[in-house]
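>>> Give me coordinates for this.
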Amino acid sequence: MSTELLKLIKKPLVTEKNATLMAEHNQYAFEVDYDANRPQIKRAIEKIFNVKVERVRTMIVRGKTKTYRSKKNKRPNWKKAYVTLQEGSKIEIFQGV
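The predicted structure follows:
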C-alpha cells in the first residue's frame, strides 16, 4: 500500500451520529485530503480496506470563526467524503461502534 493513498484518507468519522447510523446502509464517512477528488478517494478506499466502492460524495466543511480575547480566529476548512459500498462489502473499523 502506497503512502500516497494513506495521505488521501486522513481518518474515519465515527463520532458523528449520522455516520454511525449510515453504517447500517453500507455508507461510511471519512475526513479526506482537501485536494483529493472522487476517483482518488474511491481508489484509496478500495485499496486500503479491500472493498468495492459504489459511490463517493464529497463536501467542504467550512471552518468556524472563534473569538478568543476579542480576537477573531478562523479554523481551517476541511473535506468530508461519504462512501457507499456495494452490497456484501463492509469496513470492520466501523463495526461495534
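
>>> And the strands in this protein?
For the chain, applying DSSP state E gives strands covering 9-12, 27-32, 53-61, 65-68, 71-74, 78-85.

>>> Buried residues in the fourth one, which are they?
Within strand 65-68, not a single residue qualifies as buried, counting by 16 or more other Cβ atoms under 10 Å. All C-beta atoms are positioned from the backbone trio N, CA, C, and that covers glycine.

>>> still on that earlier bit, if you compare the strands of the chain, which one is most tucked away?
strand 27-32 (a mean of 22; mean count of other Cβ atoms under 10 Å).

>>> Just want the angle from that strand to strand 78-85.
Taking axes from the mean of the first three to the mean of the last three Cα atoms, to 10 degrees, one finds strand 27-32 and strand 78-85 inclined to each other by 150 degrees.

>>> What are the contacting residues of strand 27-32?
Contact with strand 27-32 is made by 8-13, 16, 18-19, 22, 41, 45, 58, 78-85, 91, 94, as judged by Cβ atoms under 8 Å, 6 or more residues apart in numbering.

>>> Read off the pLDDT value for L5.
We have a pLDDT of 76 for L5.

>>> Surely it touches E46?
No - between L5 and E46 there is no contact under Cβ atoms under 8 Å: 9.5 Å.

>>> Just the C-alpha atoms of stretch 59-69, please, in PDB.
What follows is stretch 59-69, C-alpha atoms only, in PDB (Å, rounded to 0.1, in the frame of the first residue of the first chain):
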ATOM      1  CA  MET A  59     -18.400  18.100   0.800                       C
ATOM      2  CA  ILE A  60     -16.300  21.000   2.000                       C
ATOM      3  CA  VAL A  61     -16.900  21.700   5.700                       C
ATOM      4  CA  ARG A  62     -16.300  25.400   6.400                       C
ATOM      5  CA  GLY A  63     -14.100  26.300   9.400                       C
ATOM      6  CA  LYS A  64     -15.800  28.000  12.300                       C
ATOM      7  CA  THR A  65     -14.900  31.500  13.400                       C
ATOM      8  CA  LYS A  66     -14.000  31.600  17.100                       C
ATOM      9  CA  THR A  67     -13.400  34.600  19.300                       C
ATOM     10  CA  TYR A  68     -10.700  34.500  21.900                       C
ATOM     11  CA  ARG A  69      -9.900  37.600  24.000                       C
END
